[in-house]
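Trainee: Coordinates for the following, if possible.
(2 chains)
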Number of protein chains: 2
Amino acid sequence: MKLELSKIGSPFLMELKNEQGNSCLIDASSAIGGTNQGFRPMELLAGSLAGCISIDVLNILKKQKVEIQHYSVRIDAKRKDAVPSPFEQIHLVFELKGEIDLARLEKNIQLTIDKYCSVAVSLDPSISITFGINLIEK
Amino acid sequence: MKLELSKIGSPFLMELKNEQGNSCLIDASSAIGGTNQGFRPMELLAGSLAGCISIDVLNILKKQKVEIQHYSVRIDAKRKDAVPSPFEQIHLVFELKGEIDLARLEKNIQLTIDKYCSVAVSLDPSISITFGINLIEK
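Mentor: Numbering: from 1, shown residues only, chains lettered A, B, ... in the order given. Just a heads-up that it's a prediction; the model follows:
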């Protein structure tokens, strides 16, 4: 896997590009002079976890031929109040609309976190990954 | 830290948004039906590491009043050939143009990886993070 990160603005604005040409902006916290024009690296890290789990979940629902009218994930992450400040907990709330079997979905998400998500197994095991599910009624 | 991830296309296209309204697309691998319209989650993870280290490096150079005319990082990441497939190694090549003290920069990058980068300390310690530096001549 190859990517390129380039500084495109001062003092910290950078652009991340993958081999397919997709692009994403990264910026520092405003506390040290960032200008809120891009994601902070720790935001991208939390987002990558939610994305990885979601691809597994969407793939499982696809295989089960479950149609969904809405899919989103709210991410709420807590960092250690120190330098450095790694994640202590990443909490995800999955919001879906469709003919969902709640118990089955819950089991699948837990299994994905524990066994199948490559981002989750790349994280420090001390980080607690928790989740809730919100099924949207018609 | 709060973010939202929403499915915006089929089968896997999602949009990640932070509280400042920055946005980034996430997609699955084409092997399972992804359409190359966004970053794969593991790409975002590797990018977040390069971004985090870079903010520290740029901040240190700023404090040292070193002006740089170019700053980029090539990211080359190796994943385990299995399911799941976490990172085994993330190699970064820093490319800079400016009045750089190479030995000092090398020491600062190593220190950032080992002690100050919140993304690095959020990763599984088994992942090897290595780097090279390429100083661009005039």
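Trainee: all helices for chain A, in order.
Mentor: Assigned by DSSP state H, chain A shows helices spanning A:41-63, A:102-111, A:118-122.
Trainee: the inter-axis angle of the first one versus helix A:102-111?
Mentor: Just to be clear, that refers to helix A:41-63. Helix A:41-63 runs at 130 degrees relative to helix A:102-111, counting by axes from the mean of the first three to the mean of the last three CA atoms, to 10 degrees.
Trainee: returning to what we had before: closest one to B:Ala28 among the helices of chain A?
Mentor: helix A:41-63 (4.5 Å; CB to CB). C-beta here means a position set from N, CA and C on the backbone, and glycine is covered the same way.
Trainee: Pull that closest one out as CSV, backbone CA atoms only.
Mentor: Coordinates of each C-alpha in helix A:41-63 appear next as CSV, following Å, rounded to 0.1, in the frame of the first residue of the first chain:
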residue,chain,number,x,y,z
PRO,A,41,-4.7,12.8,12.5
MET,A,42,-6.5,11.3,15.5
GLU,A,43,-9.9,12.0,13.8
LEU,A,44,-8.7,10.1,10.8
LEU,A,45,-7.7,7.2,13.0
ALA,A,46,-11.1,7.0,14.7
GLY,A,47,-12.8,7.4,11.3
SER,A,48,-10.7,4.6,9.8
LEU,A,49,-11.9,2.2,12.6
ALA,A,50,-15.6,3.1,12.0
GLY,A,51,-15.1,2.7,8.2
CYS,A,52,-13.4,-0.7,8.6
ILE,A,53,-16.1,-2.1,10.8
SER,A,54,-18.8,-0.6,8.6
ILE,A,55,-17.5,-2.2,5.4
ASP,A,56,-17.7,-5.6,7.2
VAL,A,57,-21.2,-4.8,8.5
LEU,A,58,-22.5,-3.7,5.1
ASN,A,59,-20.9,-6.7,3.5
ILE,A,60,-22.6,-9.1,5.9
LEU,A,61,-26.0,-7.3,5.4
LYS,A,62,-25.5,-7.5,1.6
LYS,A,63,-24.8,-11.3,1.9
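Trainee: Tell me the buried residues in that helix?
Mentor: If you call a residue buried by 16 or more other CB atoms under 10 Å in any protein chain shown, then helix A:41-63 has these buried ones: A:41-62.
Trainee: Dump the helices of chain A to a markdown table, plus mean pLDDT and distance to chain B.
Mentor: Formatted as a markdown table, the helices of chain A follow (pLDDT from 0 to 100; distance: least, CB to the nearest CB, whole Å):
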| stretch | mean pLDDT | distance to chain B |
| --- | --- | --- |
| helix A:41-63 | 97 | 4 |
| helix A:102-111 | 97 | 11 |
| helix A:118-122 | 98 | 4 |
